[in-house]
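> Mind folding the following:
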Amino acid sequence: MTTTTTFKGLKLAALSLAAGLGLSAAALAQAPTSQLDAIQSRGNLQICTTGDYKPFTLAKDGSYEGIDIELAKSLAKAIGVEPRFVATKWGDLLNDFTSGKCDIAMGGISVTLDRQKRAFFSTPYMVNGKAPIARCADKDKFQTVADIDKPGVTVIVNPGGTNERFARANFKQAKIELYPDNVTIFAQILAGKADIMVAESIETKVQEKLNPGLCAINPDEPLQYGEMGYLLPRGDVTFKAFVDQWLHLAKATGEFAKIYDQFVR
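A predicted model of the protein is given here:
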């Protein structure tokens, strides 16, 4: 190999390396910014929440409380910004989120494939399936889906969420009654205006304590497997990675358990 040939080879290699570095720089320059950058620049984390789903989110006296409200505050602190809660309804939740009204949606949101088509989910933070709740006197009557799905049985649901979806998918003979207030809906069962509601198992446990005369039915053996997570912007892997890591640390350090116990135990 001659000196001239060697020089030409090194020159070609250098040009190739420069071209490769140029392409990398261009790719980096064109990479989309993360919502995390916008949140830090703005100075607040905008959180969509329904405020009607105890123990996760409850609007009270002009503010919010619940498991996911405290966790939202923790997430905002981890980012270094202030939390700002944005009111929404279950029927509007996905549209409000995808239209840019908030950076994240929190508050007992079930992971579903339909929602996954339009948004990212954080890693699930809780397994929480569907379980019935009824007057204690009727508890033995409603042990299974088949027990509930009978003529003469009225199933009450809040519109727009996975509770309504579960009811419509599984109850073809029972009457499905829509009731728009998810806070007072359980009182309708006590008043005899409905026979039963199917909700997240943790919610039925909480409402059993709050409403003497109502009994959660097999909440530890739910009728349907379910997971809960936080809605995140579709395609934003940077923001999702941050939220997932924060959630991992919240669980590993005991912060998550402390907040959970505050509202459930």
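> Where does pLDDT dip in the stretch 1-150 of the chain?
For the stretch 1-150 of the chain, applying pLDDT under 70 flags the ranges 1-32.
> Strands along that one, start to end?
All strands of the stretch 1-150 of the chain, identified by DSSP state E, counting those that start in this stretch, fall at 44-49, 52-53, 57-60, 63-65, 82-87, 104-105, 120-121, 126-127, 130-135.
> The fifth one: which residues count as buried?
Judged by neighbour count (16 or more other Cβ atoms under 10 Å), strand 82-87 contains these buried residues: 83, 85. The way it works is simple: take the backbone N, C-alpha and C, and place the C-beta from them, glycine included.
> what angle sits between that strand and strand 44-49?
Angle, strand 82-87 to strand 44-49, by axes from the mean of the first three to the mean of the last three Cα atoms, to 10 degrees: 30 degrees.
> Okay, the residue nearest in space to the middle of the chain and Ser34: tell me how far apart.
Taking Cα atoms, centre = their mean, the centroid of the chain lies closest to Ile109, which sits 2.9 Å from it. Distance from Ile109 to Ser34, counting by Cβ to Cβ, to the nearest Å: 21 Å.
> just the CA coordinates of stretch 164-180, formatted as PDB?
C-alpha atoms of stretch 164-180 as PDB (Å, rounded to 0.1, in the frame of the first residue of the first chain):
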ATOM      1  CA  GLU A 164     -70.600   2.800  32.000                       C
ATOM      2  CA  ARG A 165     -68.600   0.900  29.400                       C
ATOM      3  CA  PHE A 166     -68.400  -2.200  31.600                       C
ATOM      4  CA  ALA A 167     -72.200  -2.000  32.300                       C
ATOM      5  CA  ARG A 168     -73.100  -1.700  28.600                       C
ATOM      6  CA  ALA A 169     -70.800  -4.500  27.600                       C
ATOM      7  CA  ASN A 170     -72.000  -6.900  30.300                       C
ATOM      8  CA  PHE A 171     -75.600  -6.100  31.200                       C
ATOM      9  CA  LYS A 172     -78.100  -6.700  28.400                       C
ATOM     10  CA  GLN A 173     -81.200  -7.500  30.500                       C
ATOM     11  CA  ALA A 174     -80.800  -5.300  33.500                       C
ATOM     12  CA  LYS A 175     -81.800  -1.700  33.200                       C
ATOM     13  CA  ILE A 176     -78.900   0.800  33.000                       C
ATOM     14  CA  GLU A 177     -79.600   4.100  34.700                       C
ATOM     15  CA  LEU A 178     -77.300   7.100  34.000                       C
ATOM     16  CA  TYR A 179     -76.700   9.400  36.900                       C
ATOM     17  CA  PRO A 180     -74.400  12.400  36.300                       C
END
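> Quick one: distance of that stretch to the chain centre.
Offset of stretch 164-180 from its chain centre (Cα atoms, centre = their mean, to the nearest Å): 22 Å.
> try stretch 208-222
22 Å.
> and that stretch, how far apart are its ends?
The first and final residues of stretch 208-222 sit 15 Å from each other (Cα to Cα, to the nearest Å).
> picking that back up, ok now do the residue nearest to the centre of the chain, which residues does it touch?
93, 115, 228-231 (Cβ atoms under 8 Å, 6 or more residues apart in numbering).
> of all those, which comes closest to Phe56?
Met228 (8.1 Å; Cβ to Cβ).
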